[in-house]
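> here is my input, please return the structure:
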Amino acid sequence: MRSAWRRLTVRSPCVRDVQVAVRSERIGWWAGLLLIGGIVSGCAVMGPPSNARDWSPDQAVLAYAEINGDIAHVYNIRNCTYLDKDTYVVNYYDKTFDLSRLRGVDFFVVPFRGLPSLAHTMLSFDFDDGEHLAVSVEIRRERGEQYDLLKSMLNQYELMYVVADERDVVKLRTNYRGDDVYLYRARATPEQARMLFVDVMERVNKLASSPEYYNVFTNNCTTNVVNHINRVAPGKVPYKPYSPKILLTGHSDRLAYDLGLLDTSLPFEEARRRAKVSDLARRYATASDFSERIRR
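I've put the predicted structure just below:
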């Protein structure tokens with residue numbers, strides 16, 4: 001069967017027009033993006049990343065943590081109140097967590113509408129007292145700035161770990177952006193969950209003092225999750241960051257399932273059907289026990 005082809009035109013400061021024919025098949029599309037990224041990445045002349053810019057109000061404050069034994073003090077946990085996807089009241093709170101009560105980790109997948117092979121991924125830490133702490137690795141936008149795929153290849157955005165209340169990062173996507181959200185339980189022991197929590201918070205602290213650029217191929221939401229997992233369990237995800245298995249983030253739940261990182265007691269398609277929490281998030285948007293409700 002003859003493959004369908006698309007022609008992409010990329011405009012950059014030093015390449016007037018780069019036209020690349022890209023097959024619309026899954027791997028062919030990403031091969032084309034990699035080629036484009038390689039062509040234009042050498043054209044970007046950037047200064048060092050910075051934490052001192054005029055940031056979007058919802059990303060102006062960085063989280064940080066202090067951990068002493070079982071006690072973790074986490075500061076600047078975001079909990080925005082949204083009126084719509086672009087209108088919100090920014091709130092933060094500090095909270096102390098007892099790591100001896102950490103019982104597991106959950107994995108969120110948010111497919112891009114119209115591009116199901118791509119997705120945003122997030123982690124959430126589950127404590128036995130009903131508390132949940134979400135971590136979303138994102139571009140850090142300047143005021144008025146929007147996400148642009150080409151810019152994300154060119155070190156045009158800083159990287160940010162948004163440490164947040166689940167009611168913020170989940171409801172933003174389900175209730176205000178209209179996204180589908182899937183929630184999976186990771187197959188991790190409490191000790192592994194604790195190691196992952198500590199590793200994530202160490203990176204949160206590092207970025208507060210040593211900013212980095214986001215890169216859609218090498219330093220994105222999913223590559224960072226993979227790096228955290230491999231530091232806790234070396235070699236658990238045996239793929240390079242630029243592998244299609246990692247870059248095609250919309251299939252990250254299938255990859256995690258195949259690697260045994262998620263519960264495999266059900267066939268994957270059934271597990272995925274049950275993992276969809278979008279309707280529950282909308283139904284229980286105002287519930288005080290929102291996090292528990294979306295897990296029922």
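> span of stretch 202-222 from start to end?
17 Å (C-alpha to C-alpha, to the nearest Å).
> and stretch 235-248, by the same measure?
19 Å.
> ok, stretch 229-248 next?
Its start and end residues considered, stretch 229-248 measures 18 Å (C-alpha to C-alpha).
> please apply the same query to stretch 175-191.
Where stretch 175-191 begins and where it ends lie 34 Å apart, using C-alpha to C-alpha.
> starting at the chain centroid, how far to it?
11 Å (C-alpha atoms, centre = their mean, to the nearest Å).
> same deal with stretch 155-174?
Its chain's C-alpha centre lies 7 Å from the corresponding centre of stretch 155-174 when counted by C-alpha atoms, centre = their mean.
> going by neighbour count, which residues of it are buried?
Residues 155-174 are the ones in stretch 155-174 that count as buried (16 or more other C-beta atoms under 10 Å). (Each C-beta comes from the backbone N, C-alpha and C, glycine too.)
> the residues you listed in strands, which ones?
158, 159, 160, 161, 162, 163, 164 (DSSP state E).
> who's in contact with the residue nearest to residue 61 when sequence neighbours are not counted?
Spatial nearest neighbour of residue 61, excluding adjacent residues (C-beta to C-beta, 6 or more residues apart in numbering): residue 76 at 5.0 Å. Neighbouring residues of residue 76 by C-beta atoms under 8 Å, 6 or more residues apart in numbering: 61, 62, 63, 64, 92, 94, 163.
> check residue 271 too.
Per C-beta under 8 Å, 6+ apart, neighbours of residue 271: 184, 257, 262, 263, 264.
> measure it to residue 126 for me?
The gap separating residue 271 from residue 126 is 18 Å, by C-beta to C-beta, to the nearest Å.
> one step back: so how far is whatever helix or strand the residue nearest to residue 61 lives in off the chain centroid?
In the assignment (DSSP states H and E), residue 76 maps to strand 71-78. On the basis of C-alpha atoms, centre = their mean, strand 71-78 sits 19 Å off its chain's mean C-alpha point.
> name the residues of it that are buried.
So, applying 16+ other C-beta under 10 Å, buried residues of strand 71-78: 72, 74, 75, 76, 77, 78.
> which residues touch the nearest residue to the last one once chain neighbours are set aside?
Once flanking residues are discounted, residue 78 sits nearest to residue 164: 4.3 Å by C-beta to C-beta, 6+ apart. With contact taken as C-beta under 8 Å, 6+ apart, residue 164 is in contact with 77, 78, 79, 133, 134, 135, 136.
> which residues does residue 164 bridge with?
Beta-bridge pairing of residue 164 under DSSP bridges involves residue 78, residue 134.
> any idea of the pLDDT on it?
Note on residue 164: pLDDT of 99.
> distance of residue 221 from residue 137?
4 Å.
> for stretch 125-136, the distance to its chain's centre please.
So, by C-alpha atoms, centre = their mean, the centroid of stretch 125-136 is 16 Å from its chain's centroid.
> now swap in stretch 255-268 and tell me
Centroid separation for stretch 255-268 versus its chain: 19 Å, with C-alpha atoms, centre = their mean.
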